[in-house]
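# Mind folding the following:
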Amino acid sequence: MCFQRLLVKISGLIRAREEPSRPADIFDLLFARERRPSAKDSWFQANSDVAGQLEREEMVRMGWKPEMGRQETFPIQSRARKAAFARLPEDEKEHWRQVARDWVPTEPSK
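Sure, this is the predicted structure:
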């Protein structure tokens, strides 16, 4: 049993030397994935004027101050965007959920 494991290990090492791996394409590494947008993010991008105002109002209500750094601001901004999206009528929220579900990643150009 132990001898069989040793043979498998040796053949794996020999095979690794015989078949060098293909170097990774830098573009494939950088652009291999795109994150699927959430419904609230799709809504915000399409309606940035109105959504931005609602988001800022929520951020101020949640205690955001202009002197806060990005690490403090980002979680408040995320919660504010979620709260602003929640204030939308249900049929509009469902529309943006469908837009997010129908999203297809684009193939990066090389």
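# Quick one: classify the spatially most central residue of the chain as helix, strand or coil.
Centrality entry for the chain: nearest residue to the mean C-alpha point is residue 35, 3.4 Å, by C-alpha atoms, centre = their mean. Here residue 35 is recorded as coil under DSSP: H, G, I helix; E, B strand; the rest coil.
# ok, it to residue 100 distance?
11 Å (C-beta to C-beta, to the nearest Å). All C-beta spots, glycine's among them, are computed from the backbone N, C-alpha and C.
# which outside residues touch the strand or helix carrying residue 60?
Assigned by DSSP states H and E, residue 60 belongs to helix 48-61. Residues outside helix 48-61 that contact it (C-beta atoms under 8 Å, 6 or more residues apart in numbering) are 43, 44, 73, 76, 77, 79, 80, 81, 83, 84, 87.
# top of the residues you listed by neighbour count?
For the contacts of helix 48-61, the largest neighbour count, defined by other C-beta atoms under 10 Å, is 24 neighbours, found at residue 43.
# and residue 96, how many neighbours does it have?
Neighbour tally, residue 96, other C-beta under 10 Å: 21.
# Return the helix or strand containing it as CSV; C-alpha atoms alone will do.
Assigned by DSSP H and E, residue 96 belongs to helix 90-102. C-alpha atoms of helix 90-102 as CSV (Å, rounded to 0.1, in the frame of the first residue of the first chain):
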residue,chain,number,x,y,z
GLU,A,90,-41.9,47.4,-4.5
ASP,A,91,-42.5,47.3,-8.3
GLU,A,92,-39.5,49.5,-9.0
LYS,A,93,-37.3,47.3,-6.7
GLU,A,94,-38.5,44.2,-8.5
HIS,A,95,-37.5,45.8,-11.8
TRP,A,96,-34.0,46.5,-10.6
ARG,A,97,-33.7,43.0,-9.2
GLN,A,98,-34.6,41.6,-12.6
VAL,A,99,-32.0,43.9,-14.2
ALA,A,100,-29.4,42.5,-11.8
ARG,A,101,-30.4,38.9,-12.6
ASP,A,102,-30.2,39.5,-16.3
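# Packing partners of it?
helix 39-46, helix 70-86 (3 or more C-beta pairs under 8 Å, 6 or more residues apart in numbering; DSSP states H and E).
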